[in-house]
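Enquirer: Predicted structure and sequence below. I'll ask about it afterward.
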Amino acid sequence: AADLLNADFYGFQHQLTDTEQRALASVRDFLDTEVRPFADDYWERAESPKHLWPRFAELGLFGNAFPETQQFENSNVYRGWVAMEISRADPSTATFIGVHSGLAMTSIAVGGSEAQKVEWLPKLAAGELVAAFGLTEPDHGSDTAKGLETTAERRPGPDGADEWVLNGSKRWIGNGAFADLVVIWARDVADDQVKGFLVRTPTPGFVGTKIERKQSLRAVENADITLDGVVVPESDRLQKINGFRDVAVVLRLTRADVAWQALGVAVGAYDAALAYTQSRMQFGNPIASFQLVQQKLANALSNITASIALCMRVSQMQDEGIQLDHHSAMAKAFVSARMRETVALCRELCGGNGVQLDHGVARYFADAEAVFTFEGTFDMNSLIVGRAITGIAAFV
Ligand code: FAD
């Protein structure tokens, strides 16, 4: 079983409540038996373990942030540790849970009317439906705020209520080829503002095609989506979203979780590398006895420890209601940079075996690249921090 504290050098987890520590231990037990042992196989086959969906729901991994659906009262810090533990077992699993419970459900919690929250959040928390979040487009990733090209046009519907017609395309959408509900962000042709739409699939004009040959987070099924005259009733437009500023609120909340996820990638690689250095013999001794090897382990654990501190604080700020865009941007940028350094050190410590799935590090090494890039690249998150420092936005 993965030890609670082997990578938590300063014992930060003791700050969780007893209830939270017990809940985290159950999640960890589940990951040890049902996710970690099979993760490499799903990764190799580029397939999401969809049969686990009801188990994720049972464990409260969906919608634990929202009063409508949480299983017990818990903090952002607790949910951060949960995201870290899932990612430590399997970054792909953390990602497809993150897309559903983080990005899509948070869009509804932040942007939905009371009626929309009541209609969707319980079903998504129970795992009855799978959700996706469609923001990125083939020609717009970092510049979606200004560049989004998918259009939404309002017109009178057949039953007297208005409806919207969506046209455009999306890229990289996690769960997008099999989700029951896809949150689509599109630009209103009338006022040029970005609005959010709950697209129920299947629906005419919506096609999601799995992206093949991806070499990072292979067990997340990402999709290219085309929207060709997709009709959405006004009642399925997120009623409290009035522009990209509101999308940024969703991203601010979920970006802190991605920092925890990046931390989990680093810890997963560290666990494997530490075990490897203790069993691998060279020059008649375990490689863990060599000074240069110990230095790499110390660097990896220092990166992890500094990252835990930053993740803890950004989630505490979220709990206190004082977290701003640049706080979560700094956490995501810093922790994902330390993650990238750490997985490289850990890969190096495993020698040739470090590039082969069976030795426990290769999957984290590859997965780190997508985590470094999504929910704002390292560069874009750094520029959000730069804007806070200087008062000048370098990216508009
Ligand atoms: P670009 O924006 O084209 O960036 C390319 C490079 O240019 C980067 O290094 C970037 O930092 C740099 N750059 C761009 N602009 C600037 C600037 N002004 N200054 C300095 N550098 C700059 N999106 C979704 O909507 N939903 C999902 O579920 C989803 N899941 C994903 C899963 C995976 C595995 C991946 C890889 C991506 C996913 N994404 C998703 C998309 C992801 O958010 C984008 O890939 C990311 O925002 C970067 O956009 P891009 O790939 O178009 O890169």
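Expert: Cool, got the structure. For clarity, every value in this text was computed on a predicted model and none was experimentally measured.
Enquirer: so how far is A25 from the closest residue to H140 other than its chain neighbours?
Expert: Nearest residue to H140, sequence neighbours excluded (CB to CB, 6 or more residues apart in numbering): G147, at 3.8 Å. Where you see a C-beta, it was placed from the backbone N, CA and C, and this is true even at glycine. G147 sits 45 Å away from A25, going by CB to CB, to the nearest Å.
Enquirer: Report pLDDT for the residue nearest to H140.
Expert: Looking at G147, its pLDDT is 96.
Enquirer: ditto for E137
Expert: 98.
Enquirer: what's near enough to touch A23?
Expert: G60, F72, N74, Y78, V82 (CB atoms under 8 Å, 6 or more residues apart in numbering).
Enquirer: all helices for this structure, in order.
Expert: 18-30, 39-45, 53-58, 76-89, 91-97, 105-111, 114-125, 144-147, 244-279, 291-320, 325-349, 362-373, 378-390 (DSSP state H).
Enquirer: Now tabulate the ones you listed in TSV and tack on distance to the ligand.
Expert: Shown next, in TSV, are these (distance: least, CB to the nearest ligand atom, whole Å):
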stretch	distance to the ligand
helix 18-30	23
helix 39-45	13
helix 53-58	17
helix 76-89	13
helix 91-97	7
helix 105-111	11
helix 114-125	15
helix 144-147	7
helix 244-279	10
helix 291-320	19
helix 325-349	10
helix 362-373	4
helix 378-390	3
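Enquirer: can you pull the pLDDT of the residue in the chain positioned nearest to the ligand?
Expert: Closest approach between the chain and the ligand, counting by CB to the nearest ligand atom: G141, at 1.8 Å. G141 is assigned 97 on the pLDDT scale.
Enquirer: What is the neighbour count of it?
Expert: 17 (other CB atoms under 10 Å).
Enquirer: Please apply the same query to the one 3 residues further on.
Expert: For T144, the neighbour count with other CB under 10 Å is 18.
Enquirer: Ignoring the adjacent residues along the chain, who's closest to it?
Expert: Here the residue nearest T144, using CB to CB, 6+ apart, is L135, at 5.6 Å.
Enquirer: residues in contact with the one you found?
Expert: T144, L148, K170, W185, V247.
Enquirer: Apply 10 Å and report the result again.
Expert: 103, 107, 141, 144-145, 148, 150, 170-173, 183-186, 194, 196, 244, 247, 250-251, 375 (CB atoms under 10 Å, 6 or more residues apart in numbering).
Enquirer: where does it fall, phi/psi-wise?
Expert: phi -110, psi -50 (degrees, to the nearest 10).
Enquirer: Now for V183: which residues touch it?
Expert: 99, 103-108, 111-112, 131-135, 173, 196-199, 238, 241, 247, 250.
Enquirer: and the end-to-end length of stretch 347-354?
Expert: 5 Å (CA to CA, to the nearest Å).
Enquirer: Okay, now the unreliable bits of this structure?
Expert: Judged by pLDDT under 70, the chain has its weakly predicted residues at 1-5.
Enquirer: Check the contact between Q261 and A89; I expect there is one.
Expert: No: applying CB atoms under 10 Å as the test, Q261 and A89 come out as separate, 11.6 Å apart.
Enquirer: my read: the residue of the chain closest to the ligand touches D379, true?
Expert: No: contact between G141 and D379 fails when scored by CB under 10 Å: they sit 11.1 Å apart.
Enquirer: Can you work out which residues contact both of the two?
Expert: Common neighbours of G141 and D379 (CB under 10 Å, 6+ apart) are T373.
Enquirer: Can you get me a residue count around S107?
Expert: S107 has 27 nearby residues by other CB under 10 Å.
Enquirer: So which bits of the stretch 101-250 of the chain are right by the ligand?
Expert: Counting by CB under 6 Å from any ligand atom, the stretch 101-250 of the chain comes close to the ligand at 133-136, 141-142, 172-174, 216-217, 220, 222.
Enquirer: and the most far-flung residue of the chain relative to its centre, what are its phi and psi?
Expert: What lies farthest from the middle of the chain is G284; by CA atoms, centre = their mean that is 43.0 Å. Per-residue torsions, G284: phi 80, psi 10 (degrees, to the nearest 10).
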